[in-house]
Structure formats: structure tokens, C-alpha cells
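# Quick one, structure for this:
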Amino acid sequence: MTPHPPDAPDAIDRREALRRTALVLAGLVAGCEARRAPAAGWRPRVLDTDQAEMVATIAEHILPETGTPGARAVGVHRFIDAMVAESYPEEERRQFLTALAAFDGGAFLARSASDQVAFLGELDRAADPFFRSLKELTLVGYYTSEIGATRELQYAPLPGRYDGCVPLAQIGRTWAV
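Below is the predicted model of the structure:
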């Protein structure tokens, strides 16, 4: 496998990888605290009320309610607000809020749900950087929530459960670690 040249657009160096890891870990801690607060008493820290509603709506379109609760129900918008407030450096926070304010000229929430989904699909196909970052935050927020981690994901521990003394008759002839 040939490594990416250093100037390749999708290549990241060790510092960037560590920075992203630190952001995710800090966000997980911040997001846990944000999601523990009662929904009725929650107030956004960096988003205004309309922005929080827009983020919640977008997140719900990305991960809608199906057999399990959707992104809004697990508080992904609260996670994103906490992540931006606590983990984003000031410049990145400013860029995020500027992009969010410019998102669809503020008309997103006035669209019908089907128009919202179509618009988000266009952004996804166009690889819009802001939508991609919002999508990434939504996925991290959802799958690190209790519901996302326990009801949506199927955890299969590797290498598996340890059984110390198992009769060979139970295992059979073929057995590998």
C-alpha cells in the first residue's frame, strides 16, 4: 500500500490525526454531559434557538426514527452544541457558526420535509464541506449516545467471551483463536 503524498487533499499528518482524535474525545465527554441534562431545561451554549432547531432537524433527516429513536430523540443537536462550544478552537467555532448562519440562506426550516431531504441529498452528492462536518458530528453524537450504542449497534466483543474450561466435546474438533 502506497501512502498518500503529503500534499494530497485527503492526506492528514500525525498532528491532524491527533487533533481530530482529541476533538472527538473532548466532544464525547461534553456530549455526555449535554445529553444528561433534562431536555426541558436545556439551553444551547453557542447556537441560537433557531440554529439548534435547524441542527436537530438536519440530524433527524440524517438519522431518522425507524425501529429505534432518531437523532433528535437522543439529543444529537445538544451533543453538537456542546462539541462546538467546548471542543472547537475559536476560529473553527466561528467558521461553523458562520456556515450554519449561511446555510440555505436561513430558509431551510421553511421548506417542506421532502424539500429538506432533497436539498440535503444535493449537498451530500456535492460533498459540501459544512454538510459533511455536520453529518460527521451527527453520526458521532448518535452512535456514542446510550441508545445509539446499545439499541442501534450490535456489539460483538472480539475475540469473544472467555470460557476457561470447556469440554472438547462442546467445541468439536475444529477450534481456533
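# switch to C-alpha atoms for all contacts and neighbour counts from now on
Fine.
# in this protein, which spans are helices?
Secondary structure of the chain by DSSP state H: the helices cover 14-36, 49-62, 76-87, 90-102, 113-125, 129-143, 146-147, 168-171.
# quick one: which of the ones you listed is nearest Pro69?
Of all the helices of the chain, it is helix 146-147 that lies closest to Pro69, at 7.5 Å by C-alpha to C-alpha.
# Not counting the closest one itself, show me its contacts.
Applying C-alpha atoms under 8 Å, 6 or more residues apart in numbering, the contact partners of helix 146-147 are 68-69, 74.
# Mind putting the residues you listed into JSON lines with distance to Ile62 and neighbour count?
As requested, the contacts of helix 146-147 are exported to JSON lines (distance: C-alpha to C-alpha, whole Å; neighbours: other C-alpha atoms under 10 Å):
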{"residue": "Thr68", "distance to Ile62": "14", "neighbour count": "13"}
{"residue": "Pro69", "distance to Ile62": "12", "neighbour count": "17"}
{"residue": "Val74", "distance to Ile62": "13", "neighbour count": "21"}
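# What about Pro129, how many residues nearby?
Residues near Pro129, counting by other C-alpha atoms under 10 Å, number 12.
# do the same with Ala127
Ala127 is flanked by 11 other residues according to other C-alpha under 10 Å.
# repeat for Asp50
By the measure other C-alpha under 10 Å, the count of residues near Asp50 is 12.
# Please report the distance of it from Leu109.
Taking C-alpha to C-alpha, to the nearest Å as the measure, Asp50 falls 9 Å from Leu109.
# so which of the contacts of helix 146-147 comes closest to Thr138?
For those, the closest approach to Thr138 (C-alpha to C-alpha) belongs to Val74, at 10.6 Å.
# Alright, calling it a day.
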